[in-house]
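J.: 3D model of this:
(chains A, B and C)
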Amino acid sequence: MKVTLKVWRQKSRNTPGEFKTYESPALNPNMSFLEMLDVVNEELANRGEEPIAFDHDCREGICGTCSLVIDGKPHGPHQGVATCQTYMRSFKNGDEIVVEPFRARAFPLVKDLVVDRKALDRIQHAGGFISVRTGSAPDANNILVPKENADLAMDAAQCIGCGACVAACKNASAMLFVAAKVSHLGLLPQGQPERHRRVKAMVDQMDAEGFGGCTVTGSCEAVCPKEISLDFIARMNRDYAAALIRGEPKPIAGSGAG
Amino acid sequence: MATLNSNIPAGPLAQKWEHHKFSTKLINPANKRKYKIIVVGAGLAGSSAAATLAELGYEVHNFVFHDSPRRAHSVAAQGGINAAKNYQNDGDSVHRLFYDTIKGGDFRAREANVHRLAEVSVNIIDQCAAQGVPFAREYGGLLDNRSFGGAQVSRTFYARGQTGQQLLLGAYSALCRNIANGGVKSHTHAEMLDLVVVDGHAKGIIVRNLQTGEITRHNADAVVLATGGYGNAYNLSTYARGSNATAIWRAYKRGACFGNPCYTQIHPTCIPVSGDYQSKLTLMSESLRNDGRVWVPKKKDDCKRNPADIAESDRDYYLERMYPAFGNLAPRDIASRAAKVVCDEGRGIGETGLGVYLDFADAIKRLGEGKVRERYGNLFAMYHEITNEDAYQTPMRIYPAMHYTMGGLWVDYNLMSNLPGLFVLGEANFSDHGANRLGASALMQGLADGYFVLPATISGYLATQKPDKRPATDNAAFKQAEESVQTITKRLLNNKGSRTPASFHKALGKLIWEHCGMARTKAGLERGIKLIGELREQYWKHVKVAGEAGEWNQSLENAGRVADFMELGELLCRDALHREESCGGHFREEYQYTKNDAEVQQGLVNPGDVKRRDDVFAYVAAWEYAGEGKAPVLNKEPLVYEEVKMSTRSYK
Amino acid sequence: MSSISSLYKSSLGQKYVMAASGTLLFLFVVGHLVGNLQVFGSPELINTYAHFLKSKPLLLWGVRLGLLALVALHVITAVQLSLANKAARPVEYAKPPTYGSAWQSRYMLGTGSVIAAFVVYHLAHFTALLPGINGVGDFRTLEATLPGGEKTHDVYAMIVLGFQVWWVTLFYLVAQAVLFIHLGHGLASMFQSLGFRNHIWWPRIQLFAKVASIAIFIGYALIPVSIYLRVVGADYAETKRFELKPAALVEPAAATGKEAK
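T.: Model prediction:
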C-alpha cells in the first residue's frame, strides 16, 4: 500500500511552518505509523532532504513520548492506543493523511511535529507527590487500601502523560491529566494528608501554564490512550471545591528551636 | 591494568551490609549541601537516587535526554517487582530470594551484592507503597502477590501490567518533590556525551541540549550513571528506540572497566519479527506463561497449518516435556534457548518459521474467558493491536528477543567503578544478575541501588573529597572533553556519505544477533568481530547525517549513538569469544551438556543445557579501554563464594 | 474575601460560578414555565397570578435584579472563560478535532448568545412592553378585571395577541430550540463542574439532562404554538384586539412623554 502524507514542517519555534506533501514508498500494512514515518524519513535522508522530526521512544504505548495529530485526531484513528501502536492497516491504500503536531499555547513547538510538554512536569512539581522520605515508610501491609480504591487509583494512575487530552480539547485544557494525577493520589490513604494542598497547587499551576478550562466536551476521554474517565475530573472539581472552602492553613505562630 | 578491588566487607554474608553501613564514613549534615552530585538518567535507579540524595542534603543535578524524567524506559516493565516479604507465607525469605537470584544468574554474580539486594527488597515495597504506587490489592486491603518467571514462591508485587510505569511514577514523584524544593536541579533534553576525568577521578560531564544543540560543561564531586543497558546494540530489541549506551561507553573510553558485556538476556515471550521495516520488538509480559502453554507442532509439515487443526497428540509442549518441575515457567534464558532449538529443528511456526505458540485454550477452559480477560486483558488487546489476531481464539505467536543486559560498567560493592567518583546504578552496572536475570528483578535492582545502596555508600567516597577543591569547568580536562565531543559532532556532520545512521544500525544489529545472539560459537564470534570492524570502517566513510549541530537534530543524536554501538558491539563479541563456557544468557555451542554427561544421566539437566566451567571462568571479565585501534585489556575479578556452593543449575 | 477572589481567579472556580449560576437560572426557567403554563387555564388564572406578582414590588424587583445579576455573572464568566480557552490554542489545526465530543458541547457560547439575545427581546416584548417590536400594537393599553373587581394589566390577552404574530412565534420557537441545545449539555455539565458525578450517577445525570431539556422545550413551545394555531384564546383575543392601539399611533405620545420630562 501507499499513502500521501501532508505533514507540518517547521524548522524552529520562531520560523513559520507549512504543510508539505510526501508520497510514501510502498508500505506493509503491519507497519506501525511510526515505522512508516521511519521509512519515509530514510527516503528523505537518502534524497538529501531533512527528515521529519517527531517524538517517540518506547514504541509500546507506555512512555507517552509519541504524539501527533493524525487526520485531526491525537494518536490516530483508534481508541485507547498511542500513535506508536497505530498500524498502517488502519488506513487504506491511497489515503491522504494529515499529520500535525499537538497544538496548545502551553506546548510550544520545538521542530516539525515535536512540541515541548514540560508544562505537564511543572504541574507535577507543584504537588504531584506524597511527601515520604526514603527510609521513613512503614511496612507496606500496615496501610490497608480497599481493593476498589486501589483499582480506581490504578485507573487514574495509568496516565502516561502524553498530553493527547490537551491536544484534543478544543480549549487545550489539561484537566484530564491533572485530574488523573490528583485522583490517583487522592484516592489512597497515603495521599490524604496532602490531598487539599495538592489539588490546589496543581490546578493553580495548570492555570498558570496557560491551559484552557474544561467545557466537558469529552474529547480528552475519547483520545486518551489509557481511556481515563471524565469521572476523575468531577472528582478533582470536588476536591478543589473542598480545598477552597477549607482555605489556606492558619500560619504557624513562631516557636524558637528548643 | 586497572586495579579492581571489589571492597566486599568482611564478616558473615547476612551481616555484611549492616556492618558496611556502619563502617562507611558519614558526612556532617551541614556539609552535605556543599557537595554537588551529578546523576545521569532518570529511570528507576536515577530518579530514586537523585531524590534520595537530595533528601539527604546534597546538591543534586539530574540529566535526562528525554523531555521528562517520567519517560525513561523503566516505564515499560510490565510484570512486577520481587521482594522477600513472605506475605504469602509460602516459605520465602531473604535467603531464598538471594539464593534464587544467585542460582538464576548461573553463579556468576557477586554473593555479597545479591544478598544485599534481597535484604533491601523489602524496604523497596514499603517505600513504594508509601509513595502511593497502586499495587494490586486483595479485598481485605492487603497487597497481592503472584509467582513470576522461575520462582516457586509468590513474591512478585505488581500493578496491573504496568508495574514499571507505576514504580517509575513513584520515583518520579519523589524526584518532583525534590525539584520543587530545590534539592534537585533537573536538566531535561540533556544528553551526556562525555565524562570528565580530573586526576583520575570522575568530576563532571559534557552535555548536549537536544533542543538547541548547545554543548555545556558540568562539574561535580561525584558522577552517578544510571543510564540503562546497551541492548539496542542489537537494533531490534524490546528497548525504547532512544535507549543508548553512549554515557557508559564514553565512561568506558575514559577508563571505567566494562564488566561481562557478553551477558545479555533474550526474553522468551516477544512478538515475532514481521518485516525488515521493523523498529522495535514488543514484549508480552512473562506473566502470560503463568497460564499460557508453550508448544510447537511435533511434525514439521504441521507448521503452516491452522493451529486449531493440529491434534493435541501432534503438539509438543516442549517446556513441560523438557523441564517438568518448572514447565512453562522455566527461567528466561532456558525458555528462550528451547524456543530457538525447536525452531532450528524446523518446527517454528508463522510466516518466518521463527515463532512458537503460547496457547491459552486450556486456561480459558479452566478459568473461563472472563478470568483470563481480567488477568491479561490489556496484553491480549496489545497483541491484537500489533498482530491483528485474537488470542482468545487462536494461540499467540511468540519468539525470543533482546531484552536486557546483565553486563555493564564494573562497580565495587559501593557501586563505584574503578574510576573513583564514578558510580553506576541499575542496568548500567554489571553487579547483581550474573549471567542471567530473573523476571521482576530488574525493577528491584534499580530501586535498591537508587533508594538504599548508593545513598548509603556514596558518603564513603565524598568524605575523601573536599568540595572547595572541586575542579572548575574551565579546567583543562573539561576543555579537552568538550573538544572531543565537538570533534565527533563535526566529523559526523561533515562526512559526505551516502548512508543513514539508521541503515547502519540495522546492519549492525543483524550482525550481532547472528553472531552473538542466543547461541554463540568461536568461529561465529571471530567472524562477527571481523565484520563489525569492517562495518565500523564503512560507517565513518559513508555515514550521512542531515541537519546542523545547533538545532533539534535526531539524525545527529542517532549517529553518535550508533557509532558507540559499533564499538560496543565488538567488545560484546570479544567478551563472548573469550568466555569459553556457557552460562546463563551466554550460550557457547561448544559448551553444552550431551547425553554422555553424568548430569544428564542423573536427570539433572537436559542435553543442550548450558555447561559452565567454574574452574576457569568463575570470574568477572572487566574490560579496560586501551586506546583507539588497540585491543582492550582483560582484567579479572575472581568470584569468591563463601556461602553458596556453585552447582549445576537444574530446573528439571 | 480572599477565598472568593481566589475562587474567581482559578479556571475551576470560574466553572463553579458558571455551574452555580446556571443551576439557579435553570430553576428560574422551570418556575417561569410553571407560571406561564397557566395560560392554558382561564384568562383570570394567569391575570390573577400576574397581579399577585406585581402587588409585591419588593419581591418582584428583588427577583428581577437577582436574575439580572445571575445572567450577567453567567455571561461575563462565559466570555472570560471563552477568551482564555481561545488563547490556550493560538494555532488551530488544519483538521479541527471534533470526535468524541457531543456537538452541543462545542457551541455553548453560540447557543448562549442566541439565548441572551432572546432574553433581551423577551424582556422588551412582555416586560418592558415596548411597542413597535411585537407586530401587533401597544400592549400597555390592555386591561382586565379580576374576579375581585380590581383592574389589572391583561397579561392573558397580551400573550395570546402576541403569539398570533407568525414571526414572533417562530422566533420564540427558535429560541426554545436553542435553549434545548444549551441545556442538553449545560444541565449535565453543571453536575460535572461541581463534582457531582461518578460512574454510577453519570448516566442518570445525562438522562435527567435529556429529559429535563426536552420537557422544558415542549412546555415552552406548546404556548406559542397552541396560540398561533388558535387552539388557545382565539376568541378572547378577538374581543381584546380592539383595545390595542396600533404601535404607530402610540409613538408620538411616548415621545411627548419623554419631552415632558
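
J.: could you look up the SS state of B:Gly627?
T.: Under DSSP: H, G, I helix; E, B strand; the rest coil, the three-state class of B:Gly627 is coil.

J.: who are the contact partners of it?
T.: For B:Gly627, no residue meets the contact criterion (C-beta atoms under 8 Å, 6 or more residues apart in numbering or on different chains). For glycine as for every other residue, the C-beta is placed from the backbone atoms N, C-alpha and C.

J.: do the same with B:Pro501
T.: Listed by C-beta under 8 Å, 6+ apart, the contact set of B:Pro501 reads B:Val543, B:Val545, B:Ser555, B:Asn558, B:Ala559, B:Val562.

J.: which pLDDT does the model give the residue lying closest to the fifth one once chain neighbours are set aside?
T.: Counting by C-beta to C-beta, 6 or more residues apart in numbering or on different chains, the nearest residue to B:Ala559 once its immediate chain neighbours are dropped is B:Pro501, at 4.1 Å. According to the model's per-residue confidence, B:Pro501 sits at a pLDDT of 96.

J.: swap in B:Trp552?
T.: Confidence score, pLDDT, at B:Trp552: 96.

J.: do B:Gln152 as well
T.: At B:Gln152, the pLDDT recorded in the model is 86.

J.: am I right that it is in a strand?
T.: No - going by three-state DSSP, the assignment for B:Gln152 is coil, not a strand.

J.: and residue 229, what does it touch?
T.: Using chain A here. Taking C-beta under 8 Å, 6+ apart, one finds A:Asp155, A:Glu221, C:His199 in contact with A:Ser229.

J.: I was after chain B.
T.: Applying C-beta under 8 Å, 6+ apart, the residues near B:Gly229 are B:Tyr239, B:Ser243, B:Ala245, B:Tyr404, B:Thr405, B:Gly408, B:Glu427, B:Ala428.

J.: from B:Ser279, how far off is it?
T.: Look at B:Gly229 and B:Ser279: by C-beta to C-beta, to the nearest Å, they are 18 Å apart.

J.: ok, B:Pro268 next?
T.: Counting by C-beta to C-beta - B:Pro268 and B:Ser279 are separated by 21 Å.

J.: in helices, which of the contacts of B:Gly229 appear?
T.: Among those, DSSP state H puts none in helices.

J.: just those residues now: which is nearest A:Val166?
T.: For the contacts of B:Gly229, the residue nearest A:Val166 by C-beta to C-beta is B:Ser243; the value is 26.6 Å.

J.: thought that closest one was touching B:Asn235?
T.: No - the criterion here is C-beta atoms under 8 Å, and B:Ser243 misses it with B:Asn235 at 11.4 Å.

J.: ok, these two, which is more surrounded?
T.: A direct count of neighbours by other C-beta atoms under 10 Å in any protein chain shown for B:Ser243 and B:Asn235 places B:Asn235 higher, at 27 against 23.

J.: ramachandran coordinates for that one?
T.: phi 60, psi -70 (degrees, to the nearest 10).

J.: quick one: contacts for it?
T.: B:His505, B:Lys506, B:Leu508, B:Gly509, B:Lys510, B:Trp513.

J.: what about the residue lying closest to A:Ser24 once chain neighbours are set aside, distance to B:Phe565?
T.: Among residues not flanking A:Ser24 along the chain, A:Val3 sits closest, at 4.9 Å (C-beta to C-beta, 6+ apart). For A:Val3, the distance to B:Phe565 equals 31 Å [C-beta to C-beta].

J.: circling back to that earlier point, got the phi/psi numbers for the residue nearest to A:Ser24?
T.: Main-chain dihedrals, A:Val3, degrees, to the nearest 10: phi -140, psi 160.

J.: again, but for the one 5 residues further on
T.: For A:Trp8, the backbone dihedrals (degrees, to the nearest 10) come out as phi -70, psi 120.

J.: excluding chain neighbours, what is closest to C:Thr23?
T.: C:Met190 (5.4 Å).

J.: would the one you found count as being in a strand?
T.: No - per three-state DSSP, C:Met190 lies outside any strand segment and is helix.

J.: before we move on, what's the pLDDT of it?
T.: 95.

J.: is it true that it touches C:Ala19?
T.: Yes - using C-beta under 8 Å, C:Met190 is in contact with C:Ala19, at 4.2 Å.

J.: strands of chain C, residue ranges please.
T.: Secondary structure of chain C, counting by DSSP state E: strands at C:143-145, C:151-153.

J.: direction included, what does the last one pair up with?
T.: This means strand C:151-153. strand C:143-145 (antiparallel) (DSSP bridges).

J.: buried ones in the strand it pairs with, by neighbour count?
T.: C:Ala144 (16 or more other C-beta atoms under 10 Å in any protein chain shown).

J.: which residues are in contact with that strand?
T.: Identification of contacts with strand C:143-145 by C-beta under 8 Å, 6+ apart yields C:Pro43, C:Glu44, C:Asn47, C:Lys151, C:Thr152, C:His153, C:Asp154, C:Val155, C:Tyr156, C:Ala157, C:Glu243.

J.: which among those gets closest to chain A?
T.: C:Val155 (38.0 Å; C-beta to the nearest C-beta).

J.: residues touching B:Thr269, list them.
T.: B:Leu283, B:Met284, B:Ser285, B:Glu286, B:Leu288, B:Arg289, B:Ala335, B:Leu358, B:Ile398.

J.: go ahead and confirm A:Pro51 touches B:Val545.
T.: No - counting by C-beta under 8 Å, A:Pro51 stays clear of B:Val545, with 10.3 Å between them.

J.: find the nearest non-adjacent residue to A:Ser12, please.
T.: Nearest non-adjacent residue to A:Ser12, counting by C-beta to C-beta, 6+ apart: A:Lys111, 6.1 Å away.

J.: do the same with A:Ala222
T.: Using C-beta to C-beta, 6+ apart and skipping residues adjacent in sequence, the residue nearest A:Ala222 is C:Gly100, 2.3 Å away.

J.: pretty sure the one you found contacts A:Val216?
T.: No - using C-beta under 8 Å, C:Gly100 is not in contact with A:Val216, being 11.7 Å away.

J.: looking at these two, which has the bigger crowd around it?
T.: A:Val216 (27 against 18).

J.: ok, and the closest non-adjacent residue to that one?
T.: Using C-beta to C-beta, 6+ apart, the closest residue to A:Val216 is C:Ser189 (4.2 Å).

J.: give me the neighbour count for the one you found.
T.: Neighbours of C:Ser189 under the rule other C-beta under 10 Å: 25.

J.: I'd like to know which elements the helix or strand bottoming out on mean pLDDT in chain B is packed against.
T.: Least confident element among the helices and strands of chain B, by mean pLDDT, DSSP states H and E: helix B:369-387 (a mean of 88). For helix B:369-387, not one helix or strand is in contact under the criterion 3 or more C-beta pairs under 8 Å, 6 or more residues apart in numbering or on different chains; DSSP states H and E.

J.: low-confidence stretches in the stretch 151-261 of chain C?
T.: Counting by pLDDT under 70, the ranges of the stretch 151-261 of chain C that qualify are C:246-261.
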